[in-house]
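1. A predicted structure for the sequence below; I have some questions about it.
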Amino acid sequence: QVQLVESGGGLVQAGGSLRLSCAASGRTFSNYAMGWFRQAPGKEREFVATISWSRGSTWYADSVKGRFTISRDNAKNAVYLQMNSLKPEDTAVYYCAAARTYYGPYESRYDYWGQGTQVTVSS
């Protein structure tokens with residue numbers, strides 16, 4: 001079992017930045033690929049970014065490429081999402097997720113999820 005707790009969400013103006021954190025506890029963190037997903041009001045949850053188990057390979061949704069950066073610190077059991085040049089369309093609840101045997105954008109393949117943190121970008 002892996003427990004995930006997100007933090008760092010909030011209200012920011014368009015063009016601003018936020019850094020989300022996800023703290024993991026439970027099984028060996030470095031054995032899991034970690035992902036960030038988001039769900040805007042009235043929309044399906046969508047993939048944002050993912051980072052692989054140990055080599056740190058990353059994969060981004062086209063909508064955030066060049067603006068968001070995912071990283072992980074296995075010593076701290078944490079994964080981060082640095083979000084720059086935020087746009088109103090980035091407003092959503094952001095979820096952290098862990099996958100034991102998968103690296104990629106499909107949420108059904110992730111095993112554990114956090115409760116989410118709200119990000120609101122005002123225009």
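-> Cool, the structure landed.

2. wait, residue 110 sits on residue 101?
-> No. Look at residue 110 against residue 101 with CB atoms under 8 Å: they stay out of range, at 10.4 Å. (Each C-beta comes from the backbone N, C-alpha and C, glycine too.)

3. out of those two, which sits in the busier spot?
-> Higher neighbour count among residue 110 and residue 101: residue 110, with 23 against 10, using other CB atoms under 10 Å.

4. got the contact list for the more buried one?
-> 35, 97-99, 102 (CB atoms under 8 Å, 6 or more residues apart in numbering).

5. ok, the spatially most central residue of the chain to residue 123 distance?
-> A centroid search over the chain (CA atoms, centre = their mean) returns residue 36, at 2.3 Å, as the residue closest to the centre. In this view, residue 36 and residue 123 are 23 Å apart by CB to CB, to the nearest Å.

6. bridged to residue 60, which residues?
-> Taking DSSP bridges as the rule, residue 60 bridges to residue 49.

7. that one reaches residue 70, doesn't it?
-> Yes. With contacts counted by CB under 8 Å, residue 60 reaches residue 70, the gap being 7.5 Å.

8. run a quick neighbour tally on residue 79.
-> Using other CB under 10 Å, residue 79 has 29 other residues around it.

9. beta partners of it?
-> residue 22, residue 72.

10. I'd guessed it sits against residue 71; true?
-> Yes. The criterion here is CB under 8 Å, and residue 79 meets it with residue 71 at 7.1 Å.

11. any residues in contact with both of those two?
-> residue 51.

12. wait, a helix at the residue nearest to the centre of the chain?
-> No. Counting by DSSP: H, G, I helix; E, B strand; the rest coil, residue 36 is not found in a helix; it is strand.
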